Every structure is written in C-alpha cells, then in structure tokens.
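> sequence? don't have it. structure:
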C-alpha cells in the first residue's frame, strides 16, 4: 500500500473535478449545456458550480479526490498520488478555468420540457391541482429531464434557490436531496399574509397533502405558513441537549413574528419522538401543539384514506 503524507492529501483536496478533467483527461470531459459538463463514461454524472453529482448512483462531491475514490474505485493513497503526481506538471490554466466558481449554488437537474409525469404522480397521491399549479408557477416544483423525478425547491428570504429534493415518480421508491442542498432552506409555502402560525411536516408531499385537506374542507389552504423538515428529525438521546431542526431554526429566524407551531409529523416511533423533542425544546419560547394525522402513517396516507385512493406500494 503506497504511503502519502497529510500535506499530499491536503493538496489533492484542493483540486476540483472540472479542472482535473480539463488538464489530465480532456477526452473524458463532455460539455452538456451552459456551465454544466458530463463525462464520456458516465453520462448521468454532471459537473457544475464546483460540484459534481452522479445522479444514477445518488452520490456526489466537490473534489477530484472524491471522484477518483467514489466513481473510479481508487483507494485514498492511489487517488492522492494520481492527483499529486499530475499537479506537479500542471499546465498553464486555460481561460475557461479562470472564471470564479460560485460554491453556493445548487446542482439542480435540468428541467423536462413538460411536467406531465410529475403531475400524474402527485395527482395519483391525492394532491389537488391548485396546489400543484401554485408550486410550479412559483418555481417550487418541476419535473427533471432525466428520470422524470419531482424536484421540490426551497428558497432563502431573497428568493434564491438553496435546497432541492428529488422524489421518484415511476413507481419505484426514490428520495434524495440535490447535491449542494442547504437543509436550512427546505421546501415551504408562505401564508398569504403575515401570519403568526407555522405548520411543520416531515416531507414536501405531506405538506401538500395537508394543504389539499384544508382546501377540500373549504378552508384557505394558505392561511398559515407551512414548512417541510426535509426528512426525519432525530434528537439526541438526552432530548434537553438537542437543538431544533435546521430548517425550523432558520425559518423562525427569518419570520420572527411566528409564535405558534403545529406539528404534523408521522405516526411512527421516529415521528412521535421528534414531536416530543420539538415540544420540549421550543415550548419556553412559543406555543407548540402536536396534531399528527388522525389515520395512517403520515399526512399523505390520511389524505388517500379520505379520498379512498388505493395505491400499489412503491418498489424499493
């Protein structure tokens, strides 16, 4: 096994994948569109804004070192020596590599020419067309060109996309965050006015399911703010030592007028534990009520029960 020094490892970490391929494997680099590149060997691997993501395997990274280990299957010493040996004879930087890279951008998948499969999938889960149309119109939702996933987007207060999550629409269970996502800015829908109440959900589909139930009940589905936690919140073993979910912390910082929170987390053990923890942590600062779905595991289950929708289980 070859030996590499900590200094060599640190140097190797500094090289991004686009630069590595431009210099040392230009035959492997393929321009895809705009500032997005792919590789000749793996056309589902996309490189953009200083990051790369291999969509078919749901793995990604920033550096060439990550790529050589995760994609090429090299050991750490082999990958370091591959980069370090090449860097020793580094050529002058080509003009297109001198442009600064915005490390803060998401590596969002390309949009499909239409949203038909995504709409059919969400409609099949009971989501009302008014909510789907609103999310598409406001840029919160679209269908990806590759694999036709539903892409849910989260924004910061300036309206900049900072988070993305994918949901499979073809009958196979698939859920992944987009490379470069910041969980502080998860999928959310604001109220029509400055409301002081926030509804909290584990997923974007649960959020839209709750909104659909409100609409079908004749209520204003945008009366209050709604936020997805981008997955299951896992508190520490000692709950009092836990911090609230990152998305919730950021939302309360951005909207300090909120003084009450309604939890609609899942009816399973992780969901009940998460609800208990959030109540304990936040009760001193605001009113927290726990309102899990009355039937089923989550809000979407409850919606499908209410609408008498029978869906085949998603394949793994």
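Perfect, thanks for sending it. As the structure is a computational prediction, the values presented were derived from the model and not from experiment.

> flag the shaky bits of this structure, pLDDT-wise.
Residues of the chain meeting the criterion pLDDT under 70: 1-2, 85-105, 313, 315-316.

> could you list the domains of this structure?
By the assignment in automatic domain parsing, the chain contains the domains 6-97, 116-307.

> could you dump these to a markdown table with distance to residue 314 and mean neighbour count?
C-beta coordinates here come from the backbone N, C-alpha and C atoms, glycine included. Shown next, in a markdown table, are the domains of the chain (distance: least, C-beta to C-beta, whole Å; neighbours: other C-beta atoms under 10 Å):
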| stretch | distance to residue 314 | mean neighbour count |
| --- | --- | --- |
| domain 6-97 | 16 | 16 |
| domain 116-307 | 4 | 18 |
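
> and the strands in the chain, which stretches?
29-33, 36-39, 45-48, 51-54, 59-61, 141-143, 150-155, 161-167, 175-177, 188-189, 197-201, 225-228, 260-263, 287-290 (DSSP state E).

> in JSON lines: these, plus distance to residue 217.
Formatted as JSON lines, these follow (distance: least, C-beta to C-beta, whole Å):
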{"stretch": "strand 29-33", "distance to residue 217": "44"}
{"stretch": "strand 36-39", "distance to residue 217": "44"}
{"stretch": "strand 45-48", "distance to residue 217": "42"}
{"stretch": "strand 51-54", "distance to residue 217": "40"}
{"stretch": "strand 59-61", "distance to residue 217": "41"}
{"stretch": "strand 141-143", "distance to residue 217": "23"}
{"stretch": "strand 150-155", "distance to residue 217": "24"}
{"stretch": "strand 161-167", "distance to residue 217": "25"}
{"stretch": "strand 175-177", "distance to residue 217": "28"}
{"stretch": "strand 188-189", "distance to residue 217": "17"}
{"stretch": "strand 197-201", "distance to residue 217": "14"}
{"stretch": "strand 225-228", "distance to residue 217": "15"}
{"stretch": "strand 260-263", "distance to residue 217": "15"}
{"stretch": "strand 287-290", "distance to residue 217": "18"}
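
> columns distance to residue 108 on top of the domains of the chain, output as TSV?
TSV is the format used below for these (distance: least, C-beta to C-beta, whole Å):
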stretch	distance to residue 108
domain 6-97	9
domain 116-307	5
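
> do you know which of those lies nearest residue 106?
In terms of C-beta to C-beta, the element of the domains of the chain nearest to residue 106 is domain 116-307, at 4.6 Å.

> which residues touch residue 107?
By C-beta atoms under 8 Å, 6 or more residues apart in numbering, residue 107 lies in contact with 46, 48-49, 51-53, 60, 178-180.

> dump the residues you listed to a markdown table, plus distance to residue 172.
Formatted as a markdown table, the contacts of residue 107 follow (distance: C-beta to C-beta, whole Å):
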| residue | distance to residue 172 |
| --- | --- |
| 46 | 21 |
| 48 | 26 |
| 49 | 28 |
| 51 | 25 |
| 52 | 24 |
| 53 | 19 |
| 60 | 20 |
| 178 | 18 |
| 179 | 20 |
| 180 | 24 |
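
> name the nearest of those relative to residue 304.
Checking those one by one against residue 304 (C-beta to C-beta), the nearest turns out to be residue 178, at 26.7 Å.

> what separation do you get for residue 162 and residue 182?
According to C-beta to C-beta, to the nearest Å, residue 162 and residue 182 sit 5 Å apart.
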